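Q: sequence first, predicted coordinates after that:
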Amino acid sequence: MAEKVVIGNAELWHGDCREVLPLLPRVDATITDPPYGVDLGSDPSHVIGNTPYASFDDTPANIAAVVVPAIALARTISTRVVVTPGTRCAWLYPQPDELGAVYFPAGSGFSRWGFTCSQPILFYGKDPYMPRNKKPNSVRCTENSEKNGHPCPKPIGLMKWLVDRASLAGETVLDPFMGSGTTGVAAVQMGRQFIGIERERKYFDIACERIARAQAQGQLLPPEPVAAPEQQTMEL
């Protein structure tokens, strides 16, 4: 049975997102970085220094059976959806309305054809900044991820860029594959409400701690300004 924890304006669920999503109200944006289906931590030919997920079999078959249906369900309650699917299983997802990319000049892992230096971004729905948008749909990232106990955490600057790119101040952001809560931390720092779902207790507890810390810091510090459109391609 799913468990809900409320921390400030963040609503965090411990449970399977396929069971929790039907319980949620409509949200403005789903922004999520689900598993990539690369046998994380078990195939040294294309993964650098990662350990496996605690309880998720990171295979293409599981992406097709678990992750893709969950994203389809999230699309039914979201005005916009942004997914970073990785390269290995990107074609398993429905055709997006637009395609962006994250460029990692130093590489983000091994692939069957050498170093992977970019990861796709799938955009569903309408750009919240249109019709006068001058923001790019891709970004360069050189920032290291925080070591927090999750096998594949994402850089906070990258997730802040995605949150800013796909939602507006005061809107609600949903992450059905919350992991260690980096999307939630970014949402808090960018002045959004947040709903996160994570089925692994270890990662859920890490997310709760990180988001609570971000909420506390947000009460002490002034809101961080959002970069102008021309600055959005700066390195993270």
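A: That came through fine.
Q: I'd guessed Gly196 sits against Leu12; true?
A: Yes: using Cβ atoms under 8 Å, Gly196 is in contact with Leu12, at 5.0 Å. Glycine gets a C-beta too; all of them are placed from N, C-alpha and C.
Q: between those two, which contacts overlap?
A: 178, 181, 184, 207, 211 (Cβ atoms under 8 Å, 6 or more residues apart in numbering).
Q: would you mind writing the CA trace of the one helix or strand the fourth one maps to as PDB?
A: Taking DSSP states H and E as the criterion, Ala207 maps to helix 201-220. C-alpha atoms of helix 201-220 as PDB (Å, rounded to 0.1, in the frame of the first residue of the first chain):
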ATOM      1  CA  ARG A 201      12.400   2.600   0.400                       C
ATOM      2  CA  LYS A 202      16.100   3.400   0.500                       C
ATOM      3  CA  TYR A 203      15.900   5.900  -2.300                       C
ATOM      4  CA  PHE A 204      12.600   7.300  -1.000                       C
ATOM      5  CA  ASP A 205      14.200   8.100   2.400                       C
ATOM      6  CA  ILE A 206      17.100   9.800   0.700                       C
ATOM      7  CA  ALA A 207      14.600  11.900  -1.400                       C
ATOM      8  CA  CYS A 208      12.700  12.900   1.700                       C
ATOM      9  CA  GLU A 209      15.800  14.000   3.500                       C
ATOM     10  CA  ARG A 210      17.100  16.000   0.500                       C
ATOM     11  CA  ILE A 211      13.800  17.700  -0.200                       C
ATOM     12  CA  ALA A 212      13.300  18.600   3.500                       C
ATOM     13  CA  ARG A 213      16.700  20.200   3.400                       C
ATOM     14  CA  ALA A 214      15.900  22.100   0.300                       C
ATOM     15  CA  GLN A 215      12.600  23.300   1.800                       C
ATOM     16  CA  ALA A 216      14.500  24.500   4.900                       C
ATOM     17  CA  GLN A 217      17.100  26.300   2.900                       C
ATOM     18  CA  GLY A 218      14.300  27.900   0.800                       C
ATOM     19  CA  GLN A 219      12.900  29.500   3.900                       C
ATOM     20  CA  LEU A 220      16.200  31.100   4.800                       C
END
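Q: now tell me what touches it from outside.
A: 5, 7-10, 12, 14, 54, 148-150, 178-182, 184-185, 188-189, 194, 196, 198.
Q: looking at the shared contacts of Gly196 and Leu12, which one is closest to Ser111?
A: Distance ranking of the shared contacts of Gly196 and Leu12 against Ser111, using Cβ to Cβ, places Met178 first at 26.1 Å.
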